[in-house]
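>>> fold the following and give me the result.
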Amino acid sequence: MTTPFAITQASYSRFTFERDGGVLTAAITSDHPVNGVDAAMHEELGRVFTDLQRDSESDIIILTGKGRAFCAGGDFDWFDEQISDQSKFRGIAWEAKRIVTSILDMEKPMICRLNGAAAGLGATIALLCDMIVSVETAQIGDPHVKVGLVAGDGGAVIWPQLVGFAKAKELLMTGDLLTAAEAQKLGLINYAVPAEELDAKVAELVGKLQGNPKWAVRWTKTVTNIPLRALAAQMMDASVGWESVSNYLNDRKEAVDAFRERRKPDLTGE
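Modelled structure (predicted):
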């Protein structure tokens, strides 16, 4: 018999949790204005999806963000720390892999309630969910290259599967952002809706899931994710490895400095 387990707020500082019967809403929460990922959030992202799967009181997960953004990628102060001390970037490699694999390992259906911008790792997390409902004003993209990094934290895994290789490579190599409407048209997300309709659309999908036998839903998701899990197993070591290498380069520091200073980077190719 499985030992009952309940995810608790006391174990997390970058997430809040709300229950409504068997539906558990996990909200990315931080003092950062756009929920930027810092060391503490990255560590929690590496374990929260396992805990959500283990939570014996929930059957459906809604993942969202607090405030005006879902998660706009890495925090720039954290970037500076990683550039000045390479061991800090090297030290998160296992977490980076676990974020991707633990989402794909989840059996419970997880709906992304995309309340605002999702970029970089934030976009990866959103796109790895089973269904994505976005507010129409949100933007989504993976601008790793704009801050001098390889898109190694799962973007190269999931984007081609959703929009095809040609479009995925264009977006990953340019770092361009999409509007929610563009993302829906490409098949990247399921729905883009006005803000006042966001919760109703999420609730509609929750109701449809709850109207079906729980284990049929869970295991349908599980088998559908088999090729994604295999792909992640094939790619994530190399993806994180190349991202780590890119963090050593001079252009990485210049790209971060230029982005922070809102100027064109002076790139040397080194």
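>>> residues in contact with the closest residue to Gly74 other than its chain neighbours?
Take Gly74 and drop its neighbours on the chain: the residue closest to it by C-beta to C-beta, 6 or more residues apart in numbering is Val37, 5.1 Å away. (Glycine included, C-beta is placed from N, CA and C.) Contacts for Val37 (C-beta atoms under 8 Å, 6 or more residues apart in numbering) come out as 45, 71, 73-75, 78, 120-122.
>>> relative to Arg229, which of those residues is nearest.
Among these, Leu45 lies closest to Arg229 (C-beta to C-beta), at 17.9 Å.
>>> which parts of the lengthiest helix in the chain are buried?
Counting by DSSP state H, the longest helix found in the chain is helix 226-246. Buried residues in helix 226-246, counting neighbours by 16 or more other C-beta atoms under 10 Å, are found at 228, 231-232, 235-236, 239-240, 243-244, 246.
>>> quick one: Gly46 from Ala138, how far?
Distance, Gly46 to Ala138, by C-beta to C-beta, to the nearest Å: 25 Å.
>>> kindly report the same for Glu95.
26 Å.
>>> with neighbour numbers in mind, choose between Gly46 and Ala138.
Using other C-beta atoms under 10 Å, the more surrounded residue of Gly46 and Ala138 is Ala138, with 26 against 19.
>>> what are the phi and psi values for Thr64?
phi -150, psi -170 (degrees, to the nearest 10).
>>> that one contacts Phe70, doesn't it?
Yes: at 6.8 Å, Thr64 and Phe70 qualify as touching, with contact defined as C-beta atoms under 8 Å.
>>> now for those two: what residues contact both?
With C-beta under 8 Å, 6+ apart, Thr64 and Phe70 have common neighbours 28, 112, 114-115.
>>> inside strands: which ones of those residues?
Taking DSSP state E as the definition of strands, the shared contacts of Thr64 and Phe70 contribute 28, 112, 114.
>>> and these, which is closest to Phe259?
Ile28 (21.7 Å).
>>> residue contacts, the nearest residue to that closest one once chain neighbours are set aside?
Excluding its sequence neighbours, the residue lying closest to Ile28 (C-beta to C-beta, 6+ apart) is Gly65, at 4.5 Å. Shown in contact with Gly65 (C-beta under 8 Å, 6+ apart): 27-29, 35, 71, 115-116.
>>> can you do 7 Å?
For Gly65, the contacting residues are 27-28, 35, 71, 115-116, by C-beta atoms under 7 Å, 6 or more residues apart in numbering.
>>> same check on Arg260?
With C-beta under 7 Å, 6+ apart, Arg260 has these contacts: Phe76.
>>> which residues of the stretch 101-250 of the chain fall in helices?
121-128, 155-163, 165-174, 180-186, 198-210, 214-224, 226-246, 250-261 (DSSP state H, counting those that start in this stretch).
>>> how about these, which one is nearest Met106?
That would be helix 214-224 among those, by C-beta to C-beta, at 8.0 Å.
>>> quick check: buried residues in that closest one?
In helix 214-224, counting by 16+ other C-beta under 10 Å, buried: 217-218, 221-222.
>>> what does stretch 154-169 give?
154-160, 163, 168.
>>> which one of the buried residues of helix 214-224 is nearest Glu261?
Closest to Glu261, out of all of the buried residues of helix 214-224 and judged by C-beta to C-beta, is Lys221, at 44.0 Å.
>>> wait, the closest one sits on Lys108?
No: contact criterion C-beta atoms under 7 Å: Lys221 and Lys108 do not qualify, at 8.0 Å.
>>> so where is the chain shaky, pLDDT-wise?
Confidence mapping of the chain against pLDDT under 70 gives the ranges 1-2.
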